[in-house]
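Novice: I need the structure of the sequence given here:
(one chain, ligands or ions: 1)
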Amino acid sequence: MKIKQLLAEKVQAAMLAAEIPESFGPHIALSKQVKFGDYQANGVLGAAKHLKTNPRALAEKVVQQLDLNEIASKIEIAGPGFINIFLNESWLAKQLNIHIDDPRCSVAPAKIKQTCVVDYSSPNLAKEMHVGHLRSTIIGDAIVRALEFQGHNVIRQNHMGDWGTQFGMLIAHLETVLADQSVAEVALADLETFYREAKKRFDEDSEFADKSREYVVKLQSGDARCEALWKEFIDISVSHSEEVYEKLNVTLTRDDIKPESAYNAMLNEVVRDLKAQGLAVEDQGAQVVFLEELADKEGNPSPVIIQKSGGGFLYATTDLAALKYRGQTLQADRNLYFIDARQSLHMQQVFTIARKAGYVTEDMSLEHHPFGTMMGSDGKPFKTRSGGTVKLVELLDEAIARAKTLIAERSTDLSESEQNDIARKVGIGAVKFADLSKHRSSDYIFNWDSMLSFEGATAPYLQYAYTRIRSIFTKAGIDEKAIDSEILLKMAQERALALKLMQFEDTLEQVCLEAQPHLMCLYLYELASLFMTFYEACPILKPDVTENDKKSRLALSRWTAKVMRTGLHLLGIETNERM
Ligand SMILES: NC(=[NH2+])NCCC[C@H](N)C(=O)O
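Specialist: Prediction:
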């Protein structure tokens, strides 16, 4: 149920009837205090100013026209002309009752189905996946899940970095290592070390450096031997990423990989397009687009090199080709990119050029959703103790091991294999929730103790809250599916919980529009807290509770469990039936 939209439509209609031009809009917001009701419409104020009339009188006119009969129990004008809306308990209860069996938690499928192309994860295959890619993977996956749940057509694009000059050095080194009888899987077990070795040879041995450069050229011209080596390298590197995806429970598969090399055949065409349109000009032998739109303070246009003087292409050229494909072939209504904030200028440049070149039409939205850096406890970018890159698989294994210690202490009645399963969900959930619950664009400090705490806004807290709700049914010996009785909202705590449950779709909508998963995290934490308050104030299984109250409260509990499970699932976090 989109409550905000429903109220907006009603208030808008009343405003029109009161002869307020449509452009002023109803501006529906959640009320900040209980005494101001549940929602507040703030649109009249601006209109009154514009029409030079008394805002209160205008608000009264609107309220007279406002038809919220069944929905609201009270409408009040407050302050200079705010309209406070108090929702009707029986209307709220009715919505919950209608959707008691709805697995979609009363979320309607999107009326306008958009094609959303989502670029996320996208690690560089020359090296091990690092924490920056962890953020992109987790955040991107949460948004993909949310958009799909809404019913949009989502196309994942894992824009893996599998091309570029460093691959000459890597395959030249791989060739030597393989000649020494080593197996590629073993040689590439640790990509970081392999890269370092190759780089060292490249810097110290000029013969090797020459060979590396020669291999770059050969690779580009389709030399079979070099291509075979490259393919072998890429294949193993991709499987490293897949190991991370599997541990993380993200929805990316091999089919979603559309790496940089996939656009090689389009790069010449991109340069041709931009030259033909007068966008790219020759500058010192290179092909450059100068963007006035992104000029610096001194007014110098922002230069974007799309082809080097030697003929080589760049990161931006590939991104332009990718965007041409996404615009013209995939016909994306929304293009979403989950990439580190440090690539903001690059993205702006690509977006500006793509628009000018007509690769995407005006109505296609281009969105870079940047994220901040994950920091270590020392406040510096997250590294291993020796200053190296943290291997993601090891980080995730540590999360699971730490969760296992906690679960083994708490859940002594469960078997070893049950404990392991829970530890996996809790450990991975903790890493994800800690990341997703932060405002996307801010940096944050990675801290094991706080993310694994069973108190506060953490995955373990929410997962445990979910399990506790489920245990009410076990304790009562009732199959939750048999709960189909009327929800009655008598107590304030029941009403508050019911309202929160009905706000799930509004939250989801905002998460999808702004690509901000932390809104869902916050929502779920508030929901769990409201449930705890409800549970304390409104006993369910105590002997003196009437049968109707008991059933109604069980139905509310069932609803809460459903929304918690669905919300966590949309964040990519699994729940446990026992814990
Ligand atoms: N279309 C894109 N540029 N996607 C992001 C790619 C990220 C890049 N491979 C990196 O690791 O920095």
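Novice: in which helix or strand does the residue sitting furthest away from the middle of the chain reside?
Specialist: Distance to the chain centre peaks in the chain at Glu207, reaching 46.5 Å (criterion: C-alpha atoms, centre = their mean). Here Glu207 sits within helix 206-220, counting by DSSP states H and E.
Novice: buried set for that helix?
Specialist: For helix 206-220, burial by neighbour count (16 or more other C-beta atoms under 10 Å) applies to 208-209, 211-212, 215-216, 218-220. In this view, the C-beta of every residue, glycine as well, is placed from N, C-alpha and C.
Novice: include pLDDT and distance to the ligand when you put these into CSV, please.
Specialist: Converted to CSV, the buried residues of helix 206-220 look like this (pLDDT from 0 to 100; distance: C-beta to the nearest ligand atom, whole Å):
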residue, pLDDT, distance to the ligand
Phe208, 97, 26
Ala209, 97, 24
Lys211, 97, 26
Ser212, 97, 21
Tyr215, 97, 21
Val216, 95, 18
Lys218, 96, 23
Leu219, 95, 18
Gln220, 92, 19
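Novice: show me which of the residues you listed is closest to Asp67.
Specialist: Each of the buried residues of helix 206-220 was checked against Asp67 using C-beta to C-beta; the closest is Gln220, at 67.9 Å.
Novice: make CSV out of the buried residues of helix 206-220 and add distance to Tyr535.
Specialist: CSV is the format used below for these (distance: C-beta to C-beta, whole Å):
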residue, distance to Tyr535
Phe208, 68
Ala209, 68
Lys211, 69
Ser212, 65
Tyr215, 66
Val216, 64
Lys218, 68
Leu219, 63
Gln220, 65
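Novice: so where's this structure shaky on pLDDT?
Specialist: Residues of the chain meeting the criterion pLDDT under 70: none.
Novice: just the strands in it please.
Specialist: Along the chain, counting by DSSP state E, strands occupy 28-30, 39-41, 72-78, 82-87, 115-119, 153-157, 280-283, 286-291, 302-307, 334-337, 365-368, 374-375, 444-445.
Novice: the second one pairs with which strands, parallel or anti?
Specialist: Same thing as strand 39-41. Sheet pairing for strand 39-41, assigned by DSSP bridges, gives strand 28-30 (antiparallel), strand 82-87 (antiparallel).
Novice: contacts for it next, please.
Specialist: For strand 39-41, the surrounding residues in contact (C-beta atoms under 8 Å, 6 or more residues apart in numbering) are 3-4, 7, 11, 26-32, 78, 82-85, 87.
Novice: could you find the closest non-adjacent residue to Val118?
Specialist: Leaving aside its sequence neighbours, Val118 sits nearest to Leu336 (C-beta to C-beta, 6 or more residues apart in numbering; 4.8 Å).
Novice: care to break the protein down by domain?
Specialist: 3-87, 165-258 (automatic domain parsing).
Novice: quick one, what contacts Phe36?
Specialist: Contacts of Phe36 (C-beta under 8 Å, 6+ apart): 78, 82, 84.
Novice: how about TSV for those residues, with distance to the ligand added?
Specialist: Below are the contacts of Phe36 laid out as TSV (distance: C-beta to the nearest ligand atom, whole Å):
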residue	distance to the ligand
Ala78	48
Phe82	44
Asn84	46
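Novice: top of the residues you listed by neighbour count?
Specialist: The most crowded member of those, judged by other C-beta atoms under 10 Å, is Phe82 (23 neighbours).
Novice: based on its surroundings, how many neighbours for the closest residue to it other than its chain neighbours?
Specialist: Distances taken as C-beta to C-beta, 6+ apart place Gln40 nearest to Phe82, at 5.3 Å, with adjacent residues excluded. Residues lying near Gln40 (other C-beta under 10 Å) number 21.
Novice: hey, where'd the helices end up in the stretch 451-579 of the chain?
Specialist: Taking DSSP state H, counting those that start in this stretch as the test, the helices found in the stretch 451-579 of the chain are 459-476, 492-502, 504-514, 518-537, 547-570.
Novice: for the ligand, which of the ones you listed is the nearest?
Specialist: helix 504-514 (19.9 Å; C-beta to the nearest ligand atom).
Novice: for the closest one, C-alpha coordinates in PDB please.
Specialist: These are the backbone C-alpha positions of helix 504-514, laid out as PDB (Å, rounded to 0.1, in the frame of the first residue of the first chain):
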ATOM      1  CA  PHE A 504       6.700  -1.000   3.800                       C
ATOM      2  CA  GLU A 505       5.800  -0.100   0.200                       C
ATOM      3  CA  ASP A 506       6.500   3.600   0.800                       C
ATOM      4  CA  THR A 507      10.000   2.600   2.100                       C
ATOM      5  CA  LEU A 508      10.600   0.300  -0.800                       C
ATOM      6  CA  GLU A 509       9.600   3.000  -3.300                       C
ATOM      7  CA  GLN A 510      12.000   5.500  -1.800                       C
ATOM      8  CA  VAL A 511      14.800   2.900  -1.700                       C
ATOM      9  CA  CYS A 512      14.300   2.300  -5.400                       C
ATOM     10  CA  LEU A 513      14.000   5.900  -6.400                       C
ATOM     11  CA  GLU A 514      17.000   7.100  -4.500                       C
END
